[in-house]
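*Asks:* structure of the sequence below:
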Amino acid sequence: MRLQRYLERLFDTIHSRQEILVEHFHIEEVLPDRLADVEGRLPFSDGSLLEFSETVIMRGLVLVKTDYAYHYQRADGRLVFRYDNAPHHRELPGFPEHKHEEGRIVSAGAPDLNHVFREIDSFLYRPG
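*Replies:* Model prediction:
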């Protein structure tokens, strides 16, 4: 996927969500069509919050996330989950990619923002 198309899809995905107040969303193309930094702070209507950052680069025709973090927390600040690739859990398969959830850390690849939103939806819209 070309970088510009990916960035447009991120913008459209975020702005299509009615329950989100876009407090901060910034895209900086460091090298046009080659490298971009993206960050966002997205409060939800229930007071929960998603903060995220990505650095993406084109390697040939392949888009690669070289650095990322998606941090979702409840309104009271308690962590729900966090995906990141900070190099501090060498014991996990898939190092450095991992996920923090409910007091544990598990191996997990880099999610797409749509995947993150679907996971948030499972918390926001739980039956009963």
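*Asks:* so the most centrally placed residue in the chain bridges to which residues?
*Replies:* Centroid-nearest residue in the chain: Tyr70, 3.6 Å away (criterion: CA atoms, centre = their mean). Taking DSSP bridges, one finds Phe52, Tyr83 as the beta-bridge partners of Tyr70.
*Asks:* how near is it to Lys99?
*Replies:* In this view, Tyr70 and Lys99 are 9 Å apart by CB to CB, to the nearest Å. Where C-beta positions appear, they are placed from N, C-alpha and C, glycine not excepted.
*Asks:* and for these two, which residues touch both?
*Replies:* Here Tyr70 and Lys99 have Phe81, Arg82, Tyr83 as joint contacts, going by CB atoms under 8 Å, 6 or more residues apart in numbering.
*Asks:* tell me which stretches of the chain form strands.
*Replies:* 24-31, 35-43, 49-59, 62-73, 79-84, 98-101, 104-107 (DSSP state E).
*Asks:* what's the angle between the fourth one and strand 79-84?
*Replies:* So that's strand 62-73. 160 degrees (axes from the mean of the first three to the mean of the last three CA atoms, to 10 degrees).
*Asks:* which residues does strand 62-73 contact?
*Replies:* Taking CB under 8 Å, 6+ apart as the rule, strand 62-73 contacts 1-3, 6, 48-58, 79-86, 110-111, 113, 116, 119-120, 123.
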